[in-house]
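Q: model this:
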Amino acid sequence: MTLKKLILAIAGGVAVIGSFLPWAAVTFFVSVRANAFQMGEPLPIILAILTILCGAAGILLNVLKEKQINNIIKIKNAEKLPFFVGIALIAIAIIAFIYVKASTNGVANASFGIWLIGIAGIVTVVLPFLKSIKELDKVVFGKPEKAAKPAAKPAKKETTKKK
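A: Okay, the predicted model is just below:
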């Protein structure tokens, strides 16, 4: 596993964790926070479930090897799937942000659960496109997927000395 894949898998995990953290916060004299499941309405619950699915997909797409992914998903260009997972996470964060503001008439603020989902989506979308991050593909954790064969040593030339 390369460092880039590790970072993308962690971003998927952050998205899953963000679905259980508070999404809305109201502060008057006391701070009250609620996650998507505590809001009691169907849209936040659906968004939280979609976030969990996208985060789990982000983890699996970066942890599994390409051969394993192709055995599970019969799609051409499966390497583009993490990009679409990131776009979905960003869309979920934007919809959740707008929903929290609209459903409470601006009284509640979007809390850090939504922000974490949005950040995870941005990292998932932007990280593969950064040119300076190309070095992260060279850093390998664990066993490399394709082990490089050592170069064969040239045979020593034997010189015979004539007396």
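Q: And the helices in the protein, which stretches?
A: 3-20, 42-63, 66-72, 81-103, 112-126 (DSSP state H).
Q: Would you mark the buried spots in the second one?
A: By 16 or more other C-beta atoms under 10 Å, the buried positions in helix 42-63 come out as 44-45, 47-48, 50-52, 54-55, 57-62. Backbone N, C-alpha and C define where each C-beta goes, glycine included.
Q: Contacts for it, please.
A: By C-beta atoms under 8 Å, 6 or more residues apart in numbering, the surrounding residues in contact with helix 42-63 are 1, 5-6, 8-9, 11-16, 18-20, 23, 35-37, 39, 69, 78, 81-82, 85-86, 88-89, 92, 95-96, 99, 117, 120, 124.
Q: just for this structure, where's the confidence low?
A: Scanning the chain with the threshold set as pLDDT under 70 gives 66-79, 131-139, 141-163.
Q: Tell me who's in contact with residue 98.
A: Going by C-beta under 8 Å, 6+ apart, residue 98 touches no other residue.
Q: Then residue 128?
A: Contacts of residue 128 by C-beta under 8 Å, 6+ apart are 4, 8, 82, 83.
Q: Now with 7 Å, please.
A: residue 83 (C-beta atoms under 7 Å, 6 or more residues apart in numbering).
Q: now it: how far from residue 85?
A: For residue 128, the distance to residue 85 equals 12 Å [C-beta to C-beta, to the nearest Å].
Q: Also residue 13?
A: The value you get for residue 13 to residue 85, if C-beta to C-beta is used, is 13 Å.
Q: Pick out whichever of the two has more residues nearby.
A: Neighbours per residue, other C-beta atoms under 10 Å: of residue 13 and residue 85, the larger number sits with residue 85, 28 against 15.
Q: Let me know whether that one touches residue 124 as I believe.
A: Yes: at 6.1 Å, residue 85 counts as touching residue 124 under the criterion of C-beta atoms under 7 Å.
Q: Filter the contacts of helix 42-63 down to the buried ones and hand me the PyMOL line.
A: Only the buried entries of these go into this PyMOL selection, using 16+ other C-beta under 10 Å:
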select buried, resi 1+5+6+8+9+11+12+14+15+16+18+19+23+35+36+39+69+81+82+85+86+88+89+92+95+96+99+117+120+124
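Q: Just the buried positions in stretch 111-119, please.
A: The neighbour-count check on stretch 111-119 (16+ other C-beta under 10 Å) flags 111, 113, 114, 115, 116, 117, 118, 119 as buried.
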